[in-house]
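K.L.:
Fold the following, please.
(one chain, ligands or ions: 4)
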Amino acid sequence: MRDGGNKVYRNVCPRNCYDTCSMLSYVQNGKLEKVEGDPLQGYTQGRLCTKGYAYPEYVYSPDRLRYPLYQYPRGSGHWERISWDQALEKIAGKMIELNRRYGSNLSLAYNKYSGNIGLLHYAIEGMFNSLGAHTKPFGDACLAAGKDALHYDLGKALSPDPESMAQAGLIMIWGANPAWTAVHQLDFIKQARDSGAKLVVIDPLFTPIAAKADLFIQIRPGTDGLLALTLARMMIERKQYDRKFAENHLFGWEPFLSYLQDKISINETSEVTGVSLQAMEKLASLYASHRPCAHWAGFGIQRSSNGGQNVRSISALAAITGNLGQKGGGMFYLHPSEDLFPRNLLKYARPLADGKKDREADINNFAERLLFFDKPPVRFLWIASRNPLSQDQDLNKWQELLRTLELVVTVDLFMTKTAQMSDLVLPAASHFEEVDLNISYWHHWLALNEKAIPSYYEAKSDLEIARMLTRRLKEISPGFSNFPDELTAEDWLAKEFTSQVYTAYGLTSWQELKDGPHKLRAKTPWLDRKFRTCGGKFELYSNEAKKDNLPALPRFSWPQTKGDYPLRLITPQNPYRIHSQYNALTWLSGEYDNVLQINPKDAAQRELAEGDWVRVYNAEGEIIKKVQLSNSVPPGVVVAFQGGDNPVNILIARTAADMGMKMSGSRNAAFYDTYVDCVQGRR
Ligand SMILES: Nc1nc2c(c(=O)[nH]1)N[C@H]1C(S)=C(S)[C@@H](COP(=O)(O)OP(=O)(O)OC[C@H]3O[C@@H](n4cnc5c(=O)[nH]c(N)nc54)[C@H](O)[C@@H]3O)O[C@H]1N2
Ligand SMILES: Nc1nc2c(c(=O)[nH]1)N[C@H]1C(S)=C(S)[C@@H](COP(=O)(O)OP(=O)(O)OC[C@H]3O[C@@H](n4cnc5c(=O)[nH]c(N)nc54)[C@H](O)[C@@H]3O)O[C@H]1N2
Ligand code: SF4
Ligand SMILES: [Mo]
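P.N.:
Ligands and ions are numbered 1, 2, ... in the order given. Below you'll find the predicted structure:
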């Protein structure tokens, strides 16, 4: 497309964000001049968030990595610019040497997560798979507990189209802050409210979305399951549940009823959750009078040791009140549209020689697992689309792991905390410099990401790097890899479009996406009331959960507490960052980067005033932050945001949620089950 002197390209923001915005990029003489939202994408409707509009600064940031860099000794800060040839030589040489030393590629590992979640970024998995048996991560650090919970209940975690929330009569948000983390959802919430819907927000923090609500319930962290079950009991007692649905489509109604009758009391719930009886009454009355209800379980609610049970309890409430399958109502969590695609790079397989199998390490406990492996030990680590030294639990273990590794390679756009501790850093392309395909885990749109500008200095896409490294490996040791390095990004892209994908998106050729994004033709899940569980019913009582050593019924239990520290630390997302990303951008505010938000009462007890330096500590470690007094934070809770120079994750031990094993093989990280104390500090 052309617009005056500009060429206009279609791009997609590839961040791990609900919105996966489609954008138009305006390019003049090979330079990205500005970006706008693509009006043809019906969820984001031509708008971006601040981070999206800041992309020209991101692409040309003076902090962006330009060339391959080599550091000796690791962590010294003595960086030397080297050529791609030299970098590939060092990497390939080490890989082959380790293979010869140990007789397999098991001492080679990678760690990859969510820096860019475009489909062709599975190149990293593909590149390693082509080496034969190696050491790889599995699991999910983000949303696995809630996904399992919905799997037990529904047979598959499918959510309605989030645009349908515009037709809700009530929107009840538990543990999500879309005003910061899913900004485009606000428009659909507003549409619903303009037609008379009410908004309820349940969160320990008085968040920006809470500030918009008709009813805000400030709940004690980790106790949502109990509130949901109590609401279920109230609805049943008041005959405000869906009797017909219960008779025909629920499995486990009787034991569920007995459990509610025996174990759930409104007075006790009030004590445990900190929610007053009056607020519960108000909630019950809104819930009964405004239908259908869109129940949104955010990812924040399941980052607790009882997170999965909390999600199961909310989904049980949605089910017994007949809200599932109602247009505008239902249970919103995620929609795994990506499952429709073959994901050829992810699944690229090489027949494993000598009966050797890959060795898998839980991504939520990665450093410890890698340290545990011997015969052979892991000696080489490739890190891409990841910043574990900022984002993982148990950072102390990471330091230990680094000491045992002979070569650490990080591929990134910026000199992150992790890159700083690597031997080699390779510059990654931004999404404007590569071709990709983007699928949201929330909305239902599919969009093409075109190459809009030439590479920034010597930056390369993860796929290009995989192709180059493969060529070098094959030159030195023919047969070492069987990655098809002749295939271009467009070749891989074309392979993703099966006839099933074409039908699902109403496409006849993938090139049609150059004219704009396409939407999945999906029916509202559970409209037919046929659930994907064994018996076809919604399972209040899950035999599958029981087999997995979990309670069969959604049951409330207290989250585990950690030792002697009095303040619960919540580390949610920052509106101007995506996890640890975007710190280099001056166009974006840094106001949340280095603060500890604390209730004035807790601050007064510790003689802390606004702007003071404070030392926050627990058995894991300590950090220095700046005090920000906040009445949005209840007593007993403190908030620090992720990322920045001084990552808060140093305080976060390996704590696991109750669920995650079923679908991802790993229990979700219980990031928000962290306890700390703090005192006056000095910088
Ligand atoms: N701006 C921005 N947007 C992002 C991201 C980002 O880093 N920055 N990251 C993206 C990613 S990867 C993710 S996973 C999503 C996450 O986005 P969300 O789904 O919104 O989840 P969180 O930010 O983890 O937490 C949301 C809320 O949960 C609350 N919470 C914590 N514990 C509890 C509890 O026990 N009960 C209840 N009811 N609430 C609780 C927190 O106080 C917080 O307000 O955001 C995505 N969008
Ligand atoms: N305390 C605490 N910790 C958390 C959470 C929490 O709630 N609290 N949330 C967790 C959640 S929900 C998530 S999703 C994880 C996120 O964990 P990560 O995925 O590790 O998070 P990011 O900080 O986004 O780091 C991604 C890195 O990839 C780089 N990158 C971007 N694009 C590309 C690319 O095309 N190629 C390559 N090679 N690199 C690229 C970015 O510059 C960035 O350095 O963090 C988890 N950590
Ligand atoms: S960070 Fe999220 S909301 Fe912002 S432009 Fe990217 S996808 Fe859109
Ligand atoms: Mo996430």
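K.L.:
Closest residue of this protein to ligand 1?
P.N.:
Proximity of the chain to ligand 1 (Cβ to the nearest ligand atom) peaks at residue 300, 2.3 Å away. Any C-beta I mention is one placed from the backbone N, CA and C, and that applies to glycine too.
K.L.:
Surely that residue is in contact with residue 672?
P.N.:
Yes: between residue 300 and residue 672 there is a contact under Cβ atoms under 8 Å: 7.0 Å.
K.L.:
quick one: common contacting residues for those two?
P.N.:
Taking Cβ atoms under 8 Å, 6 or more residues apart in numbering as the contact rule, residue 300 and residue 672 both touch residue 570.
K.L.:
burial of residue 214, as a residue count?
P.N.:
15 (other Cβ atoms under 10 Å).
K.L.:
Report the contact partners of the spatially closest residue to it that is not a sequence neighbour.
P.N.:
Nearest residue to residue 214 in three dimensions, chain neighbours excluded: residue 198, at 4.5 Å (Cβ to Cβ, 6 or more residues apart in numbering). Residues near residue 198 by Cβ under 8 Å, 6+ apart: 169-171, 214-215, 286, 290.
K.L.:
make it 6 Å
P.N.:
Residue 198 makes contact with 170, 214, 286, 290, according to Cβ atoms under 6 Å, 6 or more residues apart in numbering.
K.L.:
Assign a three-state SS to the third one, would you?
P.N.:
In this case it means residue 286. Following DSSP: H, G, I helix; E, B strand; the rest coil, the label given to residue 286 is helix.
K.L.:
tell me, how many neighbours does it end up with?
P.N.:
That count, for residue 286 with other Cβ under 10 Å as the rule, works out to 18.
K.L.:
Residue 75: what's it in contact with?
P.N.:
Residues in contact with residue 75, defined by Cβ under 6 Å, 6+ apart, are residue 421.
K.L.:
got it, and residue 318?
P.N.:
Contacts of residue 318 (Cβ under 6 Å, 6+ apart): 295, 324, 331.
K.L.:
can you put those in JSON lines and add secondary structure?
P.N.:
Output for the contacts of residue 318, formatted as JSON lines (three-state DSSP):
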{"residue": "295", "secondary structure": "strand"}
{"residue": "324", "secondary structure": "coil"}
{"residue": "331", "secondary structure": "strand"}
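K.L.:
State the pLDDT value of the residue lying closest to residue 235 once chain neighbours are set aside.
P.N.:
Leaving aside its chain neighbours, residue 235 sits nearest to residue 241 (4.9 Å; criterion: Cβ to Cβ, 6+ apart). As predicted, residue 241 sits at a pLDDT of 98.
K.L.:
Does residue 241 touch residue 320 like I think?
P.N.:
Yes: with contact defined as Cβ atoms under 6 Å, residue 241 counts as touching residue 320 (4.7 Å).
K.L.:
quick one: which of the contacts of residue 318 is nearest residue 247?
P.N.:
residue 324 (15.0 Å; Cβ to Cβ).
K.L.:
Quick check: that closest one vs ligand 2, distance?
P.N.:
In this view, residue 324 and ligand 2 are 26 Å apart by Cβ to the nearest ligand atom, to the nearest Å.
K.L.:
picking that back up, now go through the contacts of residue 198 and say which are in strands.
P.N.:
Using DSSP state E, the subset of the contacts of residue 198 located in strands is residue 170.
K.L.:
ok, and of the contacts of residue 198, which contact ligand 1?
P.N.:
Among the contacts of residue 198, proximity to ligand 1 is found for none (Cβ under 6 Å from any ligand atom).
K.L.:
Tabulate the contacts of residue 198 (a markdown table), appending pLDDT.
P.N.:
Shown next, in a markdown table, are the contacts of residue 198 (pLDDT from 0 to 100):
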| residue | pLDDT |
| --- | --- |
| 170 | 98 |
| 214 | 98 |
| 286 | 98 |
| 290 | 98 |
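K.L.:
ok, so of the contacts of residue 198, who is nearest residue 355?
P.N.:
The closest of the contacts of residue 198 to residue 355 turns out to be residue 170 (Cβ to Cβ; 56.6 Å).
K.L.:
How about the contacts made by that closest one?
P.N.:
Residue 170 neighbours (Cβ under 6 Å, 6+ apart): 198, 290, 293.
K.L.:
Give me the spatial nearest neighbour of it, chain neighbours excluded.
P.N.:
With sequence-adjacent residues excluded and distances taken as Cβ to Cβ, 6+ apart, residue 170 is closest to residue 290, at 3.8 Å.
K.L.:
gap between the one you found and ligand 3?
P.N.:
Taken as Cβ to the nearest ligand atom, the span from residue 290 to ligand 3 is 28 Å.
K.L.:
Show me the beta-bridge partners of the residue nearest to residue 214.
P.N.:
Per DSSP bridges, residues listed as beta-bridge partners of residue 198: residue 170.
K.L.:
so can I have TSV of the contacts of residue 318 showing pLDDT?
P.N.:
Shown next, in TSV, are the contacts of residue 318 (pLDDT from 0 to 100):
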residue	pLDDT
295	98
324	97
331	98
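K.L.:
Take those and, keeping just the buried ones, write it as a ChimeraX select command.
P.N.:
Typed into ChimeraX, the line below selects the buried ones among the contacts of residue 318, using 16 or more other Cβ atoms under 10 Å:
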select :295,324,331
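K.L.:
Please render the contacts of residue 318 as JSON lines that adds distance to ligand 1 to the earlier fields.
P.N.:
Below are the contacts of residue 318 laid out as JSON lines (distance: Cβ to the nearest ligand atom, whole Å):
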{"residue": "295", "distance to ligand 1": "12"}
{"residue": "324", "distance to ligand 1": "20"}
{"residue": "331", "distance to ligand 1": "14"}
